[in-house]
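Q: Pasting a predicted model and its sequence here:
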Protein chains: 2
Amino acid sequence: MKDQFYQYIQNLQDQICKGLEAVDGRAKFREDLWERPEGGGGRTRVIENGTVFEKGGVNISAVHGKLPEAMQKLFNVGEADFFACGLSLVLHPKNPMVPTVHANWRYFEMYDENKNVIQQWFGGGQDLTPYYLFEEDAIHFHQTCKTACNKDNPEFYPKYKKQCDAYFWNSHRNEARGIGGLFFDYCKATDAMSMQDWYNFVTEVGDSFLEAYVPIVEKRKDLSYTAENRTWQEIRRGRYVEFNLVHDKGTLFGLKTNGRIESILMSLPPHVQWVYDHHPEKGSEEEKLLKVLEKPIDWL
Amino acid sequence: MKDQFYQYIQNLQDQICKGLEAVDGRAKFREDLWERPEGGGGRTRVIENGTVFEKGGVNISAVHGKLPEAMQKLFNVGEADFFACGLSLVLHPKNPMVPTVHANWRYFEMYDENKNVIQQWFGGGQDLTPYYLFEEDAIHFHQTCKTACNKDNPEFYPKYKKQCDAYFWNSHRNEARGIGGLFFDYCKATDAMSMQDWYNFVTEVGDSFLEAYVPIVEKRKDLSYTAENRTWQEIRRGRYVEFNLVHDKGTLFGLKTNGRIESILMSLPPHVQWVYDHHPEKGSEEEKLLKVLEKPIDWL
């Protein structure tokens, strides 16, 4: 399973980068290969100062070795060997009318002393963070998520949509990071779902990413915008930073277990503002977005 | 003691705001009074878009009530009533040649069922975060800290300077946030130091703040700078955000205990950048700063 999935995310990284470069039309991903001293490494691909994408990364990694102490605590287990691989991406477009997107698909294994797999699971998801709300974009994104889920189980979309809303919640602001999508974790083998079934599900979602995001980018990337729109985008990006640094388990985990910092923090936006006690005007498009972030919405 | 210290920080807030407005010459602090539903409140004063100060806050608060659960855990105690008051300030100047400064002075009390004080302590400090290093500024700042400490005890400066270096350490970057200053916490009554002695010490440090910072601002505020200097400042401000949101106990504590978000996050800089894997040129002024942040320096 680990070889099968690692092969999958390598191919998916190629496909996604190619698709995004085509949309951007100018910028190319820069590739950095890195090694983890304790075992494994990654292939980080970053795009900056594009026509469409101001900054973004589409990274894969496959790491293994002794389970770090922080992970032992998190999983409530003792010493063990582990393997983990995944693809993580975040894209921050320049035009405030184009939403930021995040996606992640990952696989984890743990072994006993005789190198037998004692635990294995998948996790991941994809979610959208608009600066200006186009309802049809939110619907398109969620519909694509739902269609991918429904190939496996009609219960998955409502379940993982809900988990996504719960996870990407900026509790200190009492608002959602964005308009959600899918989030799943600890997807382990059961009577109903073998690991191969989970593989099929996770890769369905991975395969749906470009379809979920690119049509939205194409539709909004050439819309005109003002300096005020851009300021709003930069203020909202501040909330994105707050979520990632205060609440996001993956980010904090990486920072506290000596991960490759630049690959982890590629998720942070290029230009960001913090304005004291900022509130949009009543009845404005900016306020409309905030209303939508107050409480998860059923887009479909 | 609580009334005495609260009176002190109220006066100090006035003094410091007045001193900073005089340096800025244009911007005035905007005042927001706020109440904490569970007891107490604060007086937040924020300055934005000044000639000298791009953004900053000088805030006081005095809160009381049932000790929140997160604080019970932190202090390893059960249910109790508490009182806490303090002054917190952060100033982000516009000119990259002027350092950012942070200071905080605080007092805490806890009570038994009969409202007797069972614990009380002071904490606080002040520290400097330059974007370009002027050694004489670092020396001036530390010398002022030392002079204030020496009025009470010649062992305090080296001790609290070291604690400051240890506290403001961006461990995930393996570098200091800035060039340090003083940091002290849990200053409780001992045979050698009564609470009144601690009060005298903490207020000496508080009284030294303007003297420690303003001469540096005056000296650097009119220096010319380039767009590249400004970019460097914004990138370094990113590190400031990372420290405050990932490591700073006060910030995280406030975010997780339903503090007034806008008062807590006034510490975040106005314009910030994250550039993937940024490294300054060899031999540049930017690189010189990074070298200094690798390992605490004895400035005096």
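A: Happy to help now that I have it. Note that the structure is a prediction, hence the values are computed from the model and not measured.
Q: and the gap between the residue of chain A most remote from its centre and chain B?
A: Of all residues in chain A, the one whose C-alpha sits farthest from the chain's mean C-alpha position, using Cα atoms, centre = their mean, is A:Asn114 at 34.4 Å. Distance, A:Asn114 to chain B, using Cβ to the nearest Cβ, to the nearest Å: 35 Å. Glycine gets a C-beta too; all of them are placed from N, C-alpha and C.
Q: Check A:Met195 too.
A: From A:Met195 across to chain B, the span is 33 Å (Cβ to the nearest Cβ).
Q: what's the residue lying closest to that residue once chain neighbours are set aside in contact with, if anything?
A: Using Cβ to Cβ, 6 or more residues apart in numbering or on different chains and skipping residues adjacent in sequence, the residue nearest A:Met195 is A:Ala189, 4.9 Å away. For A:Ala189, the contact set (Cβ atoms under 8 Å, 6 or more residues apart in numbering or on different chains) comprises A:120, A:195, A:198.
Q: Tell me how far the second one lies from A:Gly123.
A: According to Cβ to Cβ, to the nearest Å, A:Met195 and A:Gly123 sit 13 Å apart.
Q: before we move on, back to that, quick one: the residue nearest to A:Met195 is in a helix?
A: No - with DSSP: H, G, I helix; E, B strand; the rest coil as the criterion, A:Ala189 is assigned coil and is not in a helix.
Q: which element is the residue of the stretch 1-150 of chain A found nearest chain B on?
A: Of the residues in the stretch 1-150 of chain A, the one nearest chain B is A:Val46, at a distance of 4.6 Å by Cβ to the nearest Cβ. For A:Val46, the host element (DSSP states H and E) is strand A:40-48.
Q: list the helices and strands the helix ranked longest in chain A packs on?
A: Longest among the helix segments of chain A by residue count, using DSSP state H, is helix A:195-220. For helix A:195-220, the helices and strands in contact under the criterion 3 or more Cβ pairs under 8 Å, 6 or more residues apart in numbering or on different chains; DSSP states H and E are helix A:2-24, strand A:81-93, strand A:100-111, strand A:117-129, helix A:135-150, strand A:180-187.
Q: again, only this time at 10 Å
A: Counting contacts by 3 or more Cβ pairs under 10 Å, 6 or more residues apart in numbering or on different chains; DSSP states H and E, the secondary-structure elements packed against helix A:195-220 are helix A:2-24, strand A:81-93, strand A:100-111, strand A:117-129, helix A:135-150, helix A:156-167, strand A:180-187.
Q: could you check whether the fourth one is close to chain B?
A: No - Strand A:117-129 stays clear of chain B (Cβ under 10 Å from any Cβ of the partner chain), getting no nearer than 15.9 Å.
Q: In CSV, please show the C-alpha coordinates belonging to that strand.
A: Listed next in CSV are the C-alpha coordinates belonging to strand A:117-129 (Å, rounded to 0.1, in the frame of the first residue of the first chain):
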residue,chain,number,x,y,z
VAL,A,117,2.3,-3.3,10.1
ILE,A,118,0.3,-2.8,13.3
GLN,A,119,-1.6,0.4,12.3
GLN,A,120,-2.3,2.1,8.9
TRP,A,121,-4.6,4.8,7.9
PHE,A,122,-5.3,7.5,5.3
GLY,A,123,-6.2,11.1,5.8
GLY,A,124,-6.7,14.3,3.8
GLY,A,125,-9.1,16.6,2.2
GLN,A,126,-9.5,19.9,0.2
ASP,A,127,-11.0,23.2,1.1
LEU,A,128,-11.6,26.6,-0.4
THR,A,129,-10.9,30.1,1.1
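Q: hmm, back to that, any common contacting residues for A:Met195 and A:Gly123?
A: With contacts defined as Cβ atoms under 10 Å, 6 or more residues apart in numbering or on different chains, the residues adjacent to both A:Met195 and A:Gly123 are A:107, A:187.
Q: before we move on, the earlier item: scan the contacts of A:Ala189 and report the most crowded one.
A: Within the contacts of A:Ala189, A:Trp198 tops the neighbour count with 23 neighbours, counted by other Cβ atoms under 10 Å in any protein chain shown.
Q: which residues sit in contact with it?
A: With contact taken as Cβ under 10 Å, 6+ apart, A:Trp198 is in contact with A:1, A:5, A:107, A:120-123, A:152, A:184, A:187-190.
Q: make it 6 Å
A: The contact partners of A:Trp198, taken as Cβ atoms under 6 Å, 6 or more residues apart in numbering or on different chains, are A:122, A:187.
Q: Roughly how far does it sit from chain B?
A: As for A:Trp198, its distance to chain B is 32 Å (criterion: Cβ to the nearest Cβ).
Q: Could you report the pLDDT at that residue?
A: For A:Trp198, the pLDDT comes out at 97.
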